[in-house]
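Predicted model follows, preceded by the sequence.
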Amino acid sequence: MIAIPGSATHGKARHAVSSINWINGDRAQSSIYRDTLHLLHRTTTISLSQVQQIHAQLLRTGLYDLPHYRTKLLSTYANHHRFSDAKSLLHSLLKPDLLSFTTLINAFSKFKEFKNTLNLFSELLANGLYPDAHVLPSIIKACTGILAVKIGKQVHGFSVASGLSLDPFVESSLVHFYVKCDELDGAHKLFKNMVEKDVVSWSALAAGYARKGDVLNAKKVFNEVKGLGLKPNTVSWNGMIAGFNQSGCFLDAVFMFQQMHARGFTSDGTSISSVLPAIGDLGYLNSGTQVHGYVIKTGFLIDKCIVSALIDMYGKCGCALEMSKVFEDTGLVDVGACNALIAGLARHGLVDKALRVFKELQDQGMELNVVSWTSVIACCSQHGKDIEALELFRGMQAAGVKPNAVTIPCLLPACGNIAALTHGKAAHCFSLKSGISDDVYIGSALIDMYANCGKIQVARCCFDRMPARNLVCWNAMLGAYAMHGKANDAIEIFHLMQRSGEKPDSVSFTSLLSSCSQSGLTEEGQHYFESMSRDHGIEARIEHYACIVSLLGRAGKLEQAYSMIKKMPFVPDACVWGALLSSCRLHHNMSLGEVAAGKLFELEPMNPGNYILLSNIYASKGKWKEVDKVRDTMRDKGLRKNPGCSWIEVKNRVHMLLAGDKSLPQMDKILDKLNRLSMEMKKAGYLPNIDNVLQDVEEQEKEHILCGHSEKLAVVFGILNTSQGSPLRVTKNLRICGDCHVFIKFISGFEGREIFVRDTNRYHHFKDGECSCGDYW
DNA sequence: CTAGGGTTAG
């Protein structure tokens, strides 16, 4: 039976319903079909089989040729999502007219079949038909939907040339088109010239500015409303709130929400789910609780988005309990809410709990989506669970969930952390194939990953190929060069950055200064430090002072470094004092070393490194009694037994030195000297001290030590959990120590070299592709 | 044949 909503009482409708069964009858008369079809025009729901019956009858009776009927058929097929049927029906017509095309195009556009819409449009043109104002809005809507900027602009040009741009629907859909294409100025101009300005276009324009973070223009357009004689409605306000929330203008979002109420409008589900995340980001727990109360009172708790937003808000405000309570109380089984919960747990550092919730949901058969997988992958890679992140990524693909432009930058740090170059490359390939590789987040993460895997040239290649860059990209490249101690390249990037019009921030300067310090570019470093506030208006932060202290210290300007610490506008932290102490060790300055060490012993009494550095300084001056005193202190604190006097460390340093440069021919000489010195020291009852015996070596090799390469050659990553087996294959830059299952990540090439790497209490000896280890002390 | 607004992942 045909359902005829709203018109069931109509006499003719009853007649139609009772006569529809006739259609199959042989005696059907055309007048009855005509009546029937007239009525079908008014009906909104009709079953597919009934349409097919009518279709067959129309063909039999020849009424099919009447344009009026076949239009109805086309739209009915389209309304039942039988797009290919509708299309073949259109193609079966000898000469499809504009009305047939328009009907189908409008239906396609309505159901967001945008590609089909545009294909049909080009067919329309190929048939020699001339589009009118009935079809153009749908075409523009399709261009908006798939961001077909070029076609949209061509249609715009056509509509101007044909005078159709004066049609109010064409006008307003063009405004919307330019808003969505991020060409706000164009949209604004178009809006100003509109013959009939309407609320919809006006709201879209203001919301567009808000979504872009252009607060000034957003408010300007929004406040023009009175002069335009337009009346804002709930949707207009919601657009502003949502736009400000999406662009991170949280205060403005909350302000608009308040204003909305102050002007007598009532917020609906959309307003609330848009304002809650903004409240959360601002940490306005009080406002959040008020909105929560309002949500309960108005019965909005059945709205999925609002529940997710509430959980998110409590998560951001640091209320883990309240967050879980909302989740449990609503009893709503929604992915969004689950995702918000997982993200909230991760934000509180409850990584294991987040993973457990994820697994439980998975076991319960919940349909987890990209956001769920991405959150949990991000959670792992942000909390040092890199292998788990890679495993989850694999699980995601096994579950048939397609990663997107957010997933990849969450995964890449995990690849970089453990130098899983193969996995990183796979993720890179994926982004290329999916056409998302131009994304700035992905680009920055790729730069970082390749740099972490020692592939600094590849990182640079990614950087150079980016079609658009933001501050994060520039900082990623600067950070990559700083990590590899390449100050000259960092400086080049820094200047390129400014020439491109991007303003450096304090992160940029940290990388720049750090690389100068590592490369011994003292004057350049000081120059950039001074220009920071003078030319760029950036106040130096404590990490910048730490860089400068290290820069001066490495250059031997220890007094200057110390006076820098004394006059800096911060209470110096362990990084600052640590930089001074390391420099003191490098230059054997005992008095300042004692000052720095004294401060460090207060700030971090359980860090063995500080004690070792100080005892190294004492040892280099032959103050063996002081060495013993430091050693006793360490023993009392339960730290190491034998600071700064390890033969292993001596060998370690020699090998590091040799691996980092080209001085192999000197090996024999150095070892000779080491042996002689160590014999003497042993005779005197002491183990050889690294700074003592390496003093000469360091004189010769200072350059290389200052370059920082030797220290960066290899990094011990962590213990491999052998009980579970690892999905991770040993890559070119990654080795596993056969004895203790420690991962060792090599940052630059190491083939054919013998290398010692130091862990906190073990050393790992790497030779001929094999790794063995022993106790450090 | 008819427009504009929503949450959770970086």
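Now that the structure is in, tell me what you want to look at.

Identify the residues contacting A:Ser173.
Listed by CB atoms under 8 Å, 6 or more residues apart in numbering, the contact set of A:Ser173 reads A:136-137, A:140-141, A:144. Every C-beta, even on glycine, is put in place using the N, C-alpha and C of the backbone.

quick one: it from A:Ser122, how far?
19 Å (CB to CB, to the nearest Å).

try A:Gly485
57 Å.

higher neighbour count, the two?
Applying other CB atoms under 10 Å to A:Gly485 and A:Ser122 shows that A:Gly485 carries more neighbours, namely 22 against 10.

my read: that one touches A:Gln518, true?
Yes - using CB atoms under 8 Å, A:Gly485 is in contact with A:Gln518, at 4.1 Å.

the domain parsing of chain A - what is it?
Using automatic domain parsing, the domain parsing of chain A gives A:398-636, A:647-775.

What's the local residue count around A:Pro168?
A count of nearby residues for A:Pro168, using other CB under 10 Å, gives 15.

List the contacts of it.
Counted by CB under 8 Å, 6+ apart, A:Pro168 has contacts A:194-196, A:198.

hmm, stretch A:104-119 touching DNA strand B?
Yes - using CB under 7 Å from any atom of the strand, we find that stretch A:104-119 touches DNA strand B at A:106-107, A:110.

Which of those fall in strands?
Using DSSP state E, no member of these falls in strands.

Now do the helix or strand A:Ile296 falls within: which elements does it pack against?
Using DSSP states H and E, A:Ile296 sits within helix A:285-298. Packing contacts for helix A:285-298, counted by 3 or more CB pairs under 8 Å, 6 or more residues apart in numbering; DSSP states H and E, involve helix A:269-282, helix A:304-316.

Same list, those helices, but as a markdown table with mean pLDDT, mean neighbour count and distance to DNA strand B please.
Below are those laid out as a markdown table (pLDDT from 0 to 100; neighbours: other CB atoms under 10 Å; distance: least, CB to the nearest atom of the strand, whole Å):
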| stretch | mean pLDDT | mean neighbour count | distance to DNA strand B |
| --- | --- | --- | --- |
| helix A:269-282 | 95 | 23 | 3 |
| helix A:304-316 | 94 | 25 | 3 |
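
Quick one, which of these gets closest to A:Thr102.
Set against A:Thr102 and scored by CB to CB, those come closest in helix A:269-282, at 32.1 Å.

name the helices or strands packed onto the closest one?
helix A:234-246, helix A:250-262, helix A:285-298, helix A:304-316.

Highest mean neighbour count out of these?
helix A:304-316 (a mean of 25; mean count of other CB atoms under 10 Å).

tell me the angle of that one relative to helix A:285-298?
If you take axes from the mean of the first three to the mean of the last three CA atoms, to 10 degrees, helix A:304-316 sits at 150 degrees to helix A:285-298.

Show me which residues of the stretch 251-400 of chain A are close to DNA strand B?
Proximity of the stretch 251-400 of chain A to DNA strand B (CB under 7 Å from any atom of the strand) is limited to residues A:268-274, A:276-277, A:303-306, A:308-309, A:312, A:335-337, A:339-340, A:343, A:370-371, A:374-375, A:378.

coming back round to it: output the helices and strands packed on helix A:285-298 in CSV, with distance to A:Ser247 appended to each entry.
CSV is the format used below for the helices and strands packed on helix A:285-298 (distance: least, CB to CB, whole Å):
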stretch, distance to A:Ser247
helix A:269-282, 10
helix A:304-316, 17
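
Compare those helices and report which one is nearest to A:Arg554.
Smallest distance to A:Arg554 across the helices and strands packed on helix A:285-298 (CB to CB): 40.8 Å, for helix A:269-282.

what angle separates the closest one from helix A:304-316?
Using the same axes, to 10 degrees: helix A:269-282 against helix A:304-316 is 10 degrees.

List of residues touching helix A:269-282?
Residues outside helix A:269-282 that contact it (CB under 8 Å, 6+ apart): A:234, A:237-238, A:241-242, A:244-245, A:248, A:250-251, A:253-254, A:257, A:260, A:267, A:287-288, A:291, A:294-295, A:300, A:303, A:305-306, A:308-310, A:312-317.

what does stretch A:338-346 give?
A:308-309, A:311-312, A:314-316, A:320, A:323-324, A:327, A:351, A:353-354, A:357-358, A:361, A:366, A:368-369, A:371-372, A:375-376, A:378-379, A:382-383.

Got a ChimeraX select line for the buried ones in these?
To isolate the buried members of the contacts of stretch A:338-346 in ChimeraX, using 16 or more other CB atoms under 10 Å:
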select /A:308,309,311,312,314,315,316,320,323,324,327,351,353,354,357,358,361,368,371,372,375,376,378,379,382,383
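
Please flag which of the contacts of stretch A:338-346 sit within helices.
Members of these lying in helices (criterion: DSSP state H): A:308-309, A:311-312, A:314-316, A:320, A:323-324, A:327, A:351, A:353-354, A:357-358, A:361, A:371-372, A:375-376, A:378-379, A:382.

TSV for the residues of stretch A:104-119 next to DNA strand B, including neighbour count?
What follows is these, written out as TSV (neighbours: other CB atoms under 10 Å):
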residue	neighbour count
A:Asn106	19
A:Ala107	23
A:Lys110	14
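
Which residues are in contact with A:Tyr441?
Going by CB under 8 Å, 6+ apart, A:Tyr441 touches A:405-406, A:409, A:472.

contacting residues around stretch A:106-123?
Contact partners of stretch A:106-123, identified using CB under 8 Å, 6+ apart, comprise A:74-75, A:78-79, A:81, A:83, A:86-87, A:90, A:101, A:104-105, A:131, A:134-135, A:138-139, A:141-143, A:145-146, A:148, A:151.

and that stretch, how far apart are its ends?
Taking CA to CA, to the nearest Å as the measure, stretch A:106-123 stretches 14 Å from start to finish.

Quick one: mean pLDDT for it?
Stretch A:106-123 shows a mean pLDDT of 88.

so where's the stretch 451-600 of chain A uncertain?
Along the stretch 451-600 of chain A, no part satisfies pLDDT under 70.

In it, what residue comes closest to DNA strand B?
A:Val472 (9.8 Å; CB to the nearest atom of the strand).

Find the helix or strand that that residue is a member of.
Following DSSP H and E, one finds A:Val472 within helix A:471-483.

Likewise for A:Tyr178?
Per DSSP H and E, A:Tyr178 falls inside helix A:168-180.

now check that helix, is it near DNA strand B?
Yes - with CB under 7 Å from any atom of the strand as the measure, helix A:168-180 is seen reaching DNA strand B through A:168-169, A:172-173, A:176.
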